[in-house]
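J.: give me coordinates for this.
(one chain, ligands or ions: 2)
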Amino acid sequence: MSPLFLVLLIIAFTAATTSTAPLPTTQTLDLDDARGHGHGYDQQLKSRTFLSPAFTLRPGSVSNKWYADIAFPRGHVALKSFNGEVVDVRGAPVPLHETYLHHWLVEPYYAASGGGGGQENIIPRANSGVCKGGALGQYFGLGSETRRTATWVPDPYGIEIGDPAAPPEGYEERWSLTVHAIDTRGAVDRLGCTECRCVLYNVTVDEDDDGYAGGLRCCYDQARCAVEEGFADGETRELFLRYTVMWLDWSDAAVVPVRIYILDVTDRAMLEGKSEPECKVEYTVEACSSENRARNECVDVKVTQEVLPRGGDVVYAVGHQHTGGLGTSLHGEDGRLLCRSTPAYGDGEEAGNEAGYVVGMSACYPEPGGAARVRGGEALTVVSNYSSERQHTGVMGHFYILVADEQEQLPAPEKQQLPSLCFSFPVSWCVPAWLSLYQQ
Ligand SMILES: *[C@@H]1O[C@H](CO)[C@@H](O)[C@H](O)[C@H]1NC(C)=O
Ligand SMILES: *[C@@H]1O[C@H](CO)[C@@H](O)[C@H](O)[C@H]1NC(C)=O
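T.: Numbers count the residues shown, from 1 in each chain. Ligands and ions are numbered 1, 2, ... in the order given. Next comes the predicted model:
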């Protein structure tokens, strides 16, 4: 059985069991099969499901909240996956046509130990880049595609967190969660509400570049999208983000750490010869011209280049697009394909298969040492295609990639290898590590 298949089985198993189990639950899953796959460690994959604080929505309303110090695995661990979904008070999954999950973001920060976590005592701890100034600094984050996007970090890699030596003196690591959700029950224009069209929110945005038609600035926390008569005083309900985190204890495993980078197709700094990235995070796709429509060419292709500060192996990559998305791709400087990630659209009613919504993005797992090895300073090309049959506001074209640093390709350092059995009689000698593997 391939390790990936096994993992998918476990994810399916966890999803099936945690949806009915009381929360939070902890399960320890032994990957008996993990031995003999070349890493030689006893993998103790742990999985735990948590609930976010409740957020409240009524038809048309928006909730965009930042939660500090959320429930999260503690200690020095290697994160292996993060899966989430919106559920109601009974724990039932809520479909996107009722509550559109615009996005959720999970990000660590350092807070003064023992303190209440007031803003003044917080040191942000963003991922490794590429954007600056707090934009796209999350460790994990997805939108409507949450239910059907693989987040598994392939073996032997992991996202190292909770290193007790990492925080500055007097600080400790905590985790934050942002959830941006839009209640579209009874919406006069469902797609328009999910695309944050300003007219539907009765918001005017003063813009230097005039004509801001829609996007994050129009669907802020507590904003309200236009709903049909009869829904204006509609039922308020409490919702939660239920999330399942999988991890390995750092000491258990010879884990190779990976860096998280998020690329953004709106960052045109390099193409314009500027030194600092300018990630706008979202953009507008204009409806195609009648000439193009006549030629059946209603595809908006957006392309940019960004530089990775360090080289290494891309071991996981996934794109992020909104409704209308046709696919994203990431290329090396010579044009070679590093990953192509395409959206899956639902065709039903039920949660995870909502018609017309992006319910999943395909992820790439390139072979280390192959074509997806990138150089430090290499200019990568990001491509994001959207249908321009109609205008789309507030769309995104991001690539989330995990990169194992170049020097980490060497065999795992001594301390991470299995302890060898050593004896002092008749002379000092040790059973080689490869042999002690079979004695565990
Ligand atoms: C839209 O906003 C204007 C000005 O703030 C207000 O007068 C008007 O009643 C609002 N319309 C709706 C439908 O909420
Ligand atoms: C984007 O569109 C262009 C032009 O139609 C096409 O050549 C390319 O393959 C598309 N890429 C993806 C990832 O869909």
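
J.: any idea what the residue in the stretch 251-400 of the chain that ligand 2 sits nearest to is bridged to?
T.: With distances taken as C-beta to the nearest ligand atom, the stretch 251-400 of the chain approaches ligand 2 most closely at residue 327, which sits 3.0 Å away. For the C-beta atoms, the positions are set from N, CA and C on the backbone; glycine is no exception. Applying DSSP bridges to residue 327 gives these bridge partners: residue 385.

J.: part of a helix, is residue 230?
T.: No - the assignment for residue 230, made by DSSP: H, G, I helix; E, B strand; the rest coil, is coil rather than a helix.

J.: ok, it to residue 86 distance?
T.: When C-beta to C-beta, to the nearest Å is the yardstick, residue 230 and residue 86 sit 24 Å from each other.

J.: the two: which is more packed in?
T.: Each of residue 230 and residue 86 has its neighbours counted (other C-beta atoms under 10 Å); residue 86 has more, 25 against 9.

J.: check contacts around that one.
T.: Taking C-beta atoms under 8 Å, 6 or more residues apart in numbering, we find residue 86 in contact with 93, 94, 99, 101, 181, 239, 240, 241, 242.

J.: SS state for the last one?
T.: Applying three-state DSSP to residue 242 yields a three-state assignment of strand.

J.: who's in contact with the closest residue to it other than its chain neighbours?
T.: If the residues on either side of it in the chain are set aside, residue 242 comes closest to residue 87, at 4.7 Å by C-beta to C-beta, 6 or more residues apart in numbering. When the contact criterion is C-beta under 8 Å, 6+ apart, the partners of residue 87 are 51, 93, 94, 239, 240, 241, 242.

J.: residue 283 too?
T.: When the contact criterion is C-beta under 8 Å, 6+ apart, the partners of residue 283 are 265, 266, 302, 395, 396, 397.

J.: tell me the residues of the stretch 301-440 of the chain that contact ligand 2?
T.: On the criterion C-beta under 6 Å from any ligand atom, ligand 2 has as its neighbours in the stretch 301-440 of the chain the residues 301, 326, 327, 328, 329, 340, 383, 385.

J.: counting neighbours, what do you get for residue 270?
T.: Burial of residue 270, expressed as a neighbour count using other C-beta under 10 Å, amounts to 17.

J.: what's the answer for the one 10 residues further on, then?
T.: For residue 280, the tally of surrounding residues (other C-beta under 10 Å) stands at 14.

J.: repeat that for residue 185.
T.: Number of residues near residue 185 (other C-beta under 10 Å) recorded here: 19.

J.: repeat for residue 92
T.: As a burial measure, residue 92 scores 10 neighbours (other C-beta under 10 Å).

J.: next: the one 10 residues further on.
T.: Residues near residue 102, counting by other C-beta under 10 Å, number 21.

J.: that one: which element?
T.: Using DSSP states H and E, the secondary-structure element containing residue 102 is strand 99-112.

J.: now do the strands in the stretch 151-300 of the chain.
T.: Counting by DSSP state E, counting those that start in this stretch, the segments of the stretch 151-300 of the chain that form strands are 157-161, 171-183, 237-249, 256-257, 259-264, 283-285, 299-307.

J.: angle of the first one against strand 259-264?
T.: Angle of strand 157-161 versus strand 259-264, following axes from the mean of the first three to the mean of the last three C-alpha atoms, to 10 degrees, is 100 degrees.

J.: correct me, but residue 154 touches residue 364?
T.: No - under the contact definition of C-beta atoms under 8 Å, residue 154 does not touch residue 364, with a separation of 10.4 Å.

J.: find residues that contact each of those two.
T.: Common neighbours of residue 154 and residue 364, counting by C-beta under 8 Å, 6+ apart, are residue 316.
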